[in-house]
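J.: Sequence isn't available, so here's the structure alone:
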């Protein structure tokens, strides 16, 4: 069971994660929705051919902006298995 942890709280937990390169992505239903909120940040990836959307994470009065991201859709069919799945960075610990 993989977990994404930040500031002592479990942000996501699942045994159905997928890998995209070296990055672990969590299924969207595994997110603790009380701790994440949509960000206005968006980026694009020339390899995955998609636009990433970001989440802010808030735990214990602290906010980690844009610390999680997901691709609602991929233009590159090689990555479509991870559509909607969420990845983390910016100090979020991944425990596998």
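T.: Cool, got the structure. It should be emphasised that the depicted structure is a prediction, and the values quoted were computed from it without experimental measurement.

J.: what residue ranges in this protein score low on pLDDT?
T.: Residues of the chain meeting the criterion pLDDT under 70: none.

J.: And the helix or strand where residue 94 lies, what does it pack against?
T.: Taking DSSP states H and E as the criterion, residue 94 maps to strand 93-95. The elements that strand 93-95 packs onto, with contact taken as 3 or more C-beta pairs under 8 Å, 6 or more residues apart in numbering; DSSP states H and E, are strand 2-6. The C-beta positions use only the backbone N, C-alpha and C, and glycine is treated the same way.

J.: So which residues make contact with the helix or strand just after the strand it packs on?
T.: Heading C-terminal from strand 2-6, the first helix or strand you meet, by DSSP H and E, is strand 9-14. Here strand 9-14 makes contact (C-beta atoms under 8 Å, 6 or more residues apart in numbering) with 1-5, 26-27, 30-32, 35-36, 57, 59-60, 68, 86, 88, 92.

J.: mind listing the strands for this structure?
T.: Under the criterion DSSP state E, the chain carries strands at the ranges 2-6, 9-14, 18-20, 23-25, 36-45, 50-59, 62-70, 86-88, 93-95.

J.: Now do the residue lying farthest from the centre of the chain against residue 21, distance only.
T.: In terms of distance from the mean C-alpha position of the chain, residue 61 ranks first, at 20.4 Å (C-alpha atoms, centre = their mean). Shown here: residue 61 relative to residue 21, a distance of 34 Å by C-beta to C-beta, to the nearest Å.
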